[in-house]
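> here is a sequence with its predicted model. Questions after.
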Amino acid sequence: IYRPQLRFDDCDHFELVFVNPCKKPNTLLVRLFDEDWQELERRENLLPSRGLKIFEFNNSSRQFVLVENQSRVGLWRPVIFKYYKSSFDVLHG
């Protein structure tokens, strides 16, 4: 399990980009939580070998605060895009 050390309730939209570095396909589970760690949503995808997956989230209600991902790949970190009204941040999870 990997949890980025930042909050997501400061933006209306964000994306998590994962690249599978392995020779085999891997299943990835992304879970979204509120401030009290109550699970609000989960998405599971099979990423092909050396493939890429972009998880997009509309957070205009600011309900998604915390994120974690789970897989067999140790510390599988996403590239994080957080979009604001007049700018955006790109972060390595």
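Yep, it's here.

> residue 71 and residue 21: what is the separation?
11 Å (C-beta to C-beta, to the nearest Å). C-beta here means a position set from N, CA and C on the backbone, and glycine is covered the same way.

> what's the answer for residue 2, then?
14 Å.

> residue 71 and residue 21: who's more crowded?
Between residue 71 and residue 21, counted using other C-beta atoms under 10 Å, the more crowded position is residue 71 (19 against 11).

> do I have it right that residue 18 meets residue 28?
Yes: with contact defined as C-beta atoms under 8 Å, residue 18 reaches residue 28; the gap is 5.9 Å.

> which neighbours do those two share?
Here residue 18 and residue 28 have 47, 53, 69, 76 as joint contacts, going by C-beta atoms under 8 Å, 6 or more residues apart in numbering.

> the second one: what secondary structure?
In other words, residue 53. Three-state assignment for residue 53 (DSSP: H, G, I helix; E, B strand; the rest coil): strand.

> residues touching it, list them.
Counted by C-beta under 8 Å, 6+ apart, residue 53 has contacts 17-18, 20, 28, 45, 47.

> so which residue is dead centre in this structure?
Residue closest to the mean C-alpha point of the chain, counted by C-alpha atoms, centre = their mean, is residue 16 at 3.9 Å.

> residues near the nearest residue to it once chain neighbours are set aside, how many?
Nearest non-adjacent residue to residue 16, counting by C-beta to C-beta, 6 or more residues apart in numbering: residue 78, 4.1 Å away. By the criterion of other C-beta under 10 Å, residue 78 has 22 neighbours.

> so the residue nearest to the centre of the chain sits against residue 76, correct?
No: Residue 16 is beyond contact range of residue 76, at 10.5 Å (criterion: C-beta under 8 Å).

> overlap in contacts, the two.
Taking C-beta under 8 Å, 6+ apart as the criterion, residue 16 and residue 76 both touch residue 69.
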